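# Generate a structure from the sequence data that follows.
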Amino acid sequence: MMGERIEDVVDVCLLAGKLMLESGGETYRVEDTMMRIAASFGMARSHSYVTPTAIIFSIEGTNSTRLIRISERSTDLAKVAVVNDISRRISRGELTLSEAREELARVAYAQPSYPLWQQTAAAALASACFASLIGGIAHFLPSLVSGGAAFWCFEMVHRLVKIRFFAEFFAAFVAGWLVLWLAKAGFGRDVANMMIGSVMPLVPGLAITNAVRDLMAGHLIAGLSRGAEAFLTAFAIGTGIAFVLSIR
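Here you go, the predicted model:
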């Protein structure tokens, strides 16, 4: 029975860590959360090693060491906050092991907080506001259209092709092409400002922030990995825009 309980604790810890890492949580936060959950269920000596692509977790003094791969990563800070809340409730003794697993399973299978059309609308508005901020209100409408279209294309292509580089490249290409087309049609004057605003929703801000935070915390492998991921995203965006300008 004790062995089964240990495996159950490891399952809960790994599920919590997987949810946080897939949703954009920092590696140090994932490690801390997993060890706190284990300690709350009586496993005071646990060890976790987290990178952006894998989690290794073990309970000291037992033969239980597990590894899981992380193949999909996105940004869903609402899920990170929910898992953090579940972890705190476990620490306060408000949830049993089975209840914690059920709560985490509900989070895992929950639909995104916002449907695609709302995400696209928010991305379009953000693009328009950025372009207006740096170039004037005349760029609001064209950046609204191009930014929204770019984000929607990114989501659609990424669902078909599970390689983010190609989805980001195509989205940036669409944004640049629409900006040029709208500028020729007489909407907006500064093409550069409109392009900057249009690709803002694609910029890897969270990845860069997490990379710096992980490096400062001493998680060198995780920090370098996230930094490389952010660089590839920035490179894909720049390549997409450059391709549009080259065939202009």
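# show me where this structure has helices.
For the chain, the helices defined by DSSP state H cover 2-22, 27-40, 77-91, 97-109, 116-135, 140-160, 164-184, 191-199, 205-216, 220-246.
# between those, which gets nearest to residue 71?
Nearest to residue 71, of all the helices of the chain, is helix 2-22, at 8.8 Å by CB to CB. Bear in mind the C-beta positions are built from the backbone N, C-alpha and C, glycine included.
# per the record, what domains does this protein have?
Domains of the chain are assigned by automatic domain parsing as 2-109, 116-246.
# most tightly surrounded among these?
Here the criterion is mean neighbour count by mean count of other CB atoms under 10 Å, and of these the winner is domain 116-246, at a mean of 19.
# Okay, now the unreliable bits of this structure?
1-4, 248 (pLDDT under 70).
# out of the helices of the chain, which comes closest to residue 69?
The stretch from the helices of the chain with the least distance to residue 69 (CB to CB) is helix 2-22; that distance is 9.5 Å.
# so which of the helices of the chain comes closest to residue 62?
Proximity to residue 62 (CB to CB) singles out helix 2-22 among the helices of the chain, at 5.5 Å.
# Next, the angle helix 220-246 makes with that closest one.
Using axes from the mean of the first three to the mean of the last three CA atoms, to 10 degrees, the direction of helix 2-22 lies 30 degrees away from that of helix 220-246.
# The residue lying closest to residue 113 once chain neighbours are set aside and residue 23, how far apart?
In space, and not counting its chain neighbours, residue 113 is closest to residue 78: 4.8 Å by CB to CB, 6 or more residues apart in numbering. Using CB to CB, to the nearest Å, residue 78 is found at 8 Å from residue 23.
# before we move on, what about residue 128?
The gap separating residue 128 from residue 23 is 27 Å, by CB to CB.
# Please report how far residue 49 lies from residue 92.
In terms of CB to CB, residue 49 sits 27 Å off from residue 92.
# same deal with residue 136?
If you go by CB to CB, the gap between residue 136 and residue 92 works out to 52 Å.
# Equivalent analysis for residue 177, please.
Residue 177 is 54 Å from residue 92, by CB to CB.
# Ok, residue 48 next?
For residue 48, the distance to residue 92 equals 21 Å [CB to CB].
# hang on, the earlier thing: can you tell me which of the helices of the chain comes nearest to residue 70?
That would be helix 2-22 among the helices of the chain, by CB to CB, at 5.4 Å.
# and the closest one, C-alpha only, in PDB?
Only the C-alpha atoms of helix 2-22 are listed here, as PDB (Å, rounded to 0.1, in the frame of the first residue of the first chain):
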ATOM      1  CA  MET A   2       2.800   2.400   0.800                       C
ATOM      2  CA  GLY A   3       4.300   1.700  -2.600                       C
ATOM      3  CA  GLU A   4       1.000   2.500  -4.300                       C
ATOM      4  CA  ARG A   5       0.700   5.800  -2.300                       C
ATOM      5  CA  ILE A   6       4.200   6.800  -3.300                       C
ATOM      6  CA  GLU A   7       3.400   6.200  -7.000                       C
ATOM      7  CA  ASP A   8       0.200   8.200  -6.600                       C
ATOM      8  CA  VAL A   9       2.100  11.100  -5.100                       C
ATOM      9  CA  VAL A  10       4.600  11.000  -7.900                       C
ATOM     10  CA  ASP A  11       1.700  11.000 -10.400                       C
ATOM     11  CA  VAL A  12       0.100  14.100  -8.900                       C
ATOM     12  CA  CYS A  13       3.400  15.900  -8.700                       C
ATOM     13  CA  LEU A  14       4.300  15.100 -12.400                       C
ATOM     14  CA  LEU A  15       0.800  16.100 -13.500                       C
ATOM     15  CA  ALA A  16       1.100  19.500 -11.800                       C
ATOM     16  CA  GLY A  17       4.500  20.100 -13.200                       C
ATOM     17  CA  LYS A  18       3.500  19.100 -16.700                       C
ATOM     18  CA  LEU A  19       0.500  21.400 -16.700                       C
ATOM     19  CA  MET A  20       2.600  24.400 -15.500                       C
ATOM     20  CA  LEU A  21       5.500  23.800 -17.900                       C
ATOM     21  CA  GLU A  22       3.200  23.300 -20.900                       C
END
